[in-house]
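*Asks:* Sequence and computational prediction follow.
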Amino acid sequence: MFTNLLRTGRRRALTVSAAVLAALGLMLWWLLPLGEPGPRGTMTFSTGVQSGVYQRYGALLQVALAKDLPEVDIALRTSEGSQENLARVASGEADFTIATADAVAKYQQDGKPGADRLRGCARLYDDYVQLVVPAGSQVRKVADLRGLKVGVGQPGSGVRLIAERLLAAAGLDPVKDVTAAPNGIDTVPQLLANGTIDAFFWSGGLPTTAVESLSERFRIRLVPLGRELISKVHSTGNPTTYYRFAVMPPDLYPLTQSGLPVDSMAVANLLVTTDRIDPALVEGFTRTVIKSRDRIGNTVHPAQLVDLRTAIYTDPLPLHEGSRRYYRSVKP
C-alpha cells in the first residue's frame, strides 16, 4: 500500500513539474525573440521625376516594404533619373535606387566616385525609348530633328544619355544641331501640346502613363528607331552594348499607332545598392521586390515583367551578397 502511494506521488510530482516546465517554456517563447532580429533603422530610396515610372514604382514598393520590414523607416526621394540616382547611392546619400544598365556602365567607365562599391539587387524591367512628335509633324526619323526644339531629358537622367547617343548616331550634334529642352516626362507632354517644343525623347516602361494621357487629349505619333540606327549607336562604345533592338506592340497607345508596331530600343533597369548596406536588409528588400510584383504590376504595368528567373542577372554590376542569399533560398 505504502509503495503504491509513493509511486502515485512521484507520478503526480513529475506531471506537475512537466506542466510547470511547459508553462515556463511558453512564457519564454513569448518573451524572448527567436533567431536573429530583423533589419531596422532608416533607408532612403532614390526614385525619379514625380510622374515617372521610377517614382510611381517606388511609392508602391514603399508600402510593400513597410509591411515586410516594419522596423525600417523608408523615405523616398525624387531625382532627375539614372545618372543622379547612381551618384546618390555611390556617395551614401541614398541606400537603394533604380538605374538603367547603360547608365551604370557609363558611371563605371568614367571612374566616378564610389563606382567600385555599387552592387546589383535585381534586374527589373526594360525601358523602351520613345520619340514623340505631333501627329502632323514632318519628322519621320531622328535625323529629321535638325533645327528643331527637342525635349532631351534632365541633365541627371538616363533619357539625356540616350537622347544624346541617338542624335549623334543620326549624324546630329546634340548641342549645335537641335535646341535641347532640358525637361523630363513631368513637363514635356504639355510643352509638346502647346507647341513650345517640336518633339521629345522618353525612355521608360510600357505603357508610360504620361504619354498615354497625352495621346488622349492631343494627337501624337511615335517615330520609329530602326535597326540601322541602333547598330550605329552600338558602334560608338562599350556602354552602348546594353541597348537592344525592340518593338513596341501595336496596341500600346491605341489612339496613336493606328494598329501598327513601332521599332524602338530597349535597355534593362537594375535595382542598385552598395556593398555598405547590411546583407539582411538587402535580402529583405529583394524578397519584397519579387513578392510584390503582381500587386504593384496591377498599377505600374512594367513591374509585371520582374521575373525571378532573370532578376539575378544584374550585369554590369556584381550581385550583392544579401540578394544572393535570397535567390539561393528560393532556388528550386
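*Replies:* Sure, I can see it.

*Asks:* Distance of residue 90 relative to residue 235?
*Replies:* 29 Å (Cβ to Cβ, to the nearest Å). The way it works is simple: take the backbone N, C-alpha and C, and place the C-beta from them, glycine included.

*Asks:* Tell me which of those two has more neighbours.
*Replies:* Between residue 90 and residue 235, counted using other Cβ atoms under 10 Å, residue 90 has the larger neighbour count: 20 against 9.

*Asks:* Alpha carbons of the helix or strand harbouring the more buried one, as CSV, please.
*Replies:* Residue 90 is located in helix 82-91, with elements delineated by DSSP states H and E. What follows is helix 82-91, C-alpha atoms only, in CSV (Å, rounded to 0.1, in the frame of the first residue of the first chain):
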residue,chain,number,x,y,z
SER,A,82,19.5,57.2,-63.5
GLN,A,83,22.7,59.3,-63.5
GLU,A,84,21.7,61.3,-60.4
ASN,A,85,20.5,58.1,-58.7
LEU,A,86,23.8,56.4,-59.1
ALA,A,87,25.7,59.4,-57.8
ARG,A,88,23.5,59.5,-54.7
VAL,A,89,23.8,55.8,-53.9
ALA,A,90,27.6,55.7,-54.6
SER,A,91,28.1,58.7,-52.2
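
*Asks:* Name the SS class of the residue positioned nearest the centre of the chain, please.
*Replies:* Here the mean C-alpha position of the chain is nearest to the C-alpha of residue 98 (Cα atoms, centre = their mean), at a distance of 4.0 Å. Secondary structure assignment for residue 98 (DSSP: H, G, I helix; E, B strand; the rest coil): strand.

*Asks:* need the contact list for it.
*Replies:* Contacts for residue 98 (Cβ atoms under 8 Å, 6 or more residues apart in numbering) come out as 47-48, 54, 57-58, 82, 85, 124, 269-272.

*Asks:* and if you look at residue 127?
*Replies:* So residue 127 contacts 100, 158, 203-205, 266-269 (Cβ under 8 Å, 6+ apart).

*Asks:* Can I get those in CSV including neighbour count and secondary structure?
*Replies:* As requested, the contacts of residue 127 are arranged in CSV below (neighbours: other Cβ atoms under 10 Å; DSSP: H, G, I helix; E, B strand; the rest coil):
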residue, neighbour count, secondary structure
100, 28, strand
158, 32, helix
203, 31, strand
204, 26, strand
205, 23, coil
266, 20, strand
267, 23, strand
268, 20, strand
269, 28, strand
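
*Asks:* Looking at those residues, spot the one nearest residue 115.
*Replies:* residue 100 (15.2 Å; Cβ to Cβ).

*Asks:* correct me, but the closest one touches residue 266?
*Replies:* No - the pair residue 100 / residue 266 is not scored as a contact, 9.9 Å apart, by Cβ atoms under 8 Å.

*Asks:* Show me the helices in this protein, by range?
*Replies:* Taking DSSP state H to define them, one finds helices in the chain at 2-31, 53-68, 82-91, 101-109, 158-169, 188-193, 209-215, 227-234, 279-291, 293-297, 308-311, 321-329.

*Asks:* Nearest to residue 246 among the ones you listed would be which one?
*Replies:* It is, among the helices of the chain and with distance given as Cβ to Cβ, helix 227-234, at 9.1 Å.

*Asks:* coming back round to it: who wins for proximity to residue 249 among the helices of the chain?
*Replies:* When the helices of the chain are compared (using Cβ to Cβ), the closest one is helix 209-215, at 13.2 Å.

*Asks:* I would like the residues contacting that closest one, please.
*Replies:* By Cβ under 8 Å, 6+ apart, helix 209-215 touches 51-53, 56, 130, 132, 185-186, 189, 192-193, 202, 220, 253, 255-256.

*Asks:* any idea of the mean pLDDT for it?
*Replies:* Averaged across helix 209-215, the pLDDT comes to 95.

*Asks:* same deal with stretch 249-259?
*Replies:* 91.

*Asks:* Sweet, I'm off.
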